[in-house]
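J.: Take a look and give me a structure for this.
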Amino acid sequence: MNGGVPQTQFQSNIRLCRIFIPVLGPGDLDRCTQPDDPLMQALTTAFTSNCVVLPALVDFFSFERNKQFLTGTLGDLPKLQVVRIEPHQPYVGLEKMMQLIERRLDPVNTDPEAWMRSSMETKDAVSMALGMYTEVDAFCDNAEIAILQMDWVHAISMLRRALEMSADYARPWRVLGDLYSVRGAVDRSADAYSKAIDIDPNDLRAIERRMEINLRRGRTQQAYEDAAKAAIRADGDARQLAEQYAARFGSDSEHALKRILECITKVNGETSEFRS
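T.: Have a look, this model is predicted:
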């Protein structure tokens, strides 16, 4: 909160969180009776966004010694599960915090249907937000950054929120496919890309990435068909695009081009124009 980030941006970031950890030390609640107090605004945003609020207590902070400030929204703080981080033995508290966080988040290799499960409270709160797809894209942006940084827990959290908000939007499924791909779960990756394509048959990136996954899985015929779909949907000459996609098949590129062109002919119902 003291890092120069505008308050509106800070609150927007809180809404993207599945777990919000306020770090409370002596004196931190002293100004919470004032409506413009940043900590009070952050806590209010977290509670109204249905984040899991997990207070971390430091420097011998005590709710009992601060009970005069525990009114309104703050009255719920002592009821929450907390983590106390002792100055002389901080790693015990940090380990407990990580265990609590992991219980709230799904592992990467889990039942795909679990990505669509959510508490009714979260679903109701999020569905009321304005600009739903803009927020879904924000979740996906964060997930893509997390994937590049190999921060799997944050990527999972962002995609879970995106799918809770809109499971009928193609992009979260495509990014989920990217996550599975970099983790080596190629079958789950292909399934996620297929879901994105079912929702949006013109999602070119999902088609191209499923083609690459099918190549990794050794399913060359499906890769040919995906290359044909991509060549038809992309902006450009279909034959030139087919040649570009065929080059991704390595030493088999000449044979791949022939097969891709045959698939294009079949999809378009064309005659012998592309046949050799």
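
J.: so where does the nearest residue to residue 18 once chain neighbours are set aside fall, helix or strand?
T.: In this structure, residue 18 finds its nearest non-sequential neighbour in residue 157, 4.6 Å apart by Cβ to Cβ, 6 or more residues apart in numbering. C-beta coordinates here come from the backbone N, C-alpha and C atoms, glycine included. Using DSSP states H and E, residue 157 maps to helix 152-165.

J.: Okay, domains of the protein per the record?
T.: Listed domain ranges for the chain are 7-104, 112-274 (source: automatic domain parsing).

J.: rewinding a little: residue 20 is in contact with the residue nearest to residue 18, correct?
T.: No. Using Cβ atoms under 8 Å, residue 157 makes no contact with residue 20, being 11.5 Å away.

J.: between those two, who's got more neighbours?
T.: A side-by-side neighbour count of residue 157 and residue 20, using other Cβ atoms under 10 Å, places residue 157 first with 23 against 19.

J.: can you map out the strands along the protein?
T.: Along the chain, the stretches classed as strands by DSSP state E are 19-20, 23-24, 52-53, 56-58, 83-85.

J.: Same list (those strands) but as a markdown table, adding mean pLDDT and distance to residue 245.
T.: As requested, the strands of the chain are exported to a markdown table (pLDDT from 0 to 100; distance: least, Cβ to Cβ, whole Å):
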| stretch | mean pLDDT | distance to residue 245 |
| --- | --- | --- |
| strand 19-20 | 84 | 42 |
| strand 23-24 | 87 | 51 |
| strand 52-53 | 84 | 44 |
| strand 56-58 | 86 | 51 |
| strand 83-85 | 84 | 51 |
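
J.: Out of those strands, the one nearest residue 153 is which?
T.: strand 19-20 (9.9 Å; Cβ to Cβ).

J.: Adjacent strands (with direction) for that closest one?
T.: Sheet pairing of strand 19-20 (DSSP bridges) gives strand 52-53 (parallel).

J.: how about low-confidence regions in this structure?
T.: 1-10, 50, 104-133, 235, 251, 268-276 (pLDDT under 70).

J.: ok so, going back, for the domains of the chain, which one ends up most surrounded?
T.: Each of the domains of the chain was scored by mean neighbour count; the highest is domain 112-274, a mean of 18, by mean count of other Cβ atoms under 10 Å.

J.: distance between that one and the chain's centre?
T.: 14 Å (Cα atoms, centre = their mean, to the nearest Å).

J.: With distance to residue 219 added, can I get the strands of the chain in TSV?
T.: Below are those laid out as TSV (distance: least, Cβ to Cβ, whole Å):
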stretch	distance to residue 219
strand 19-20	38
strand 23-24	49
strand 52-53	40
strand 56-58	48
strand 83-85	47
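
J.: I'd like to know which of these is closest to residue 134.
T.: Among those, strand 19-20 sits nearest to residue 134 (Cβ to Cβ), with 21.1 Å.

J.: From residue 237, how far off is the residue lying closest to residue 178 once chain neighbours are set aside?
T.: Among residues not flanking residue 178 along the chain, residue 147 sits closest, at 6.0 Å (Cβ to Cβ, 6+ apart). Distance, residue 147 to residue 237, using Cβ to Cβ, to the nearest Å: 33 Å.

J.: what ranges do the helices span in the stretch 101-250 of the chain?
T.: 120-127, 132-148, 152-165, 170-182, 186-199, 204-216, 220-233, 238-246 (DSSP state H, counting those that start in this stretch).

J.: Could you say which one of the ones you listed comes nearest to residue 95?
T.: Short answer: helix 152-165, nearest of those by Cβ to Cβ, at 15.1 Å.
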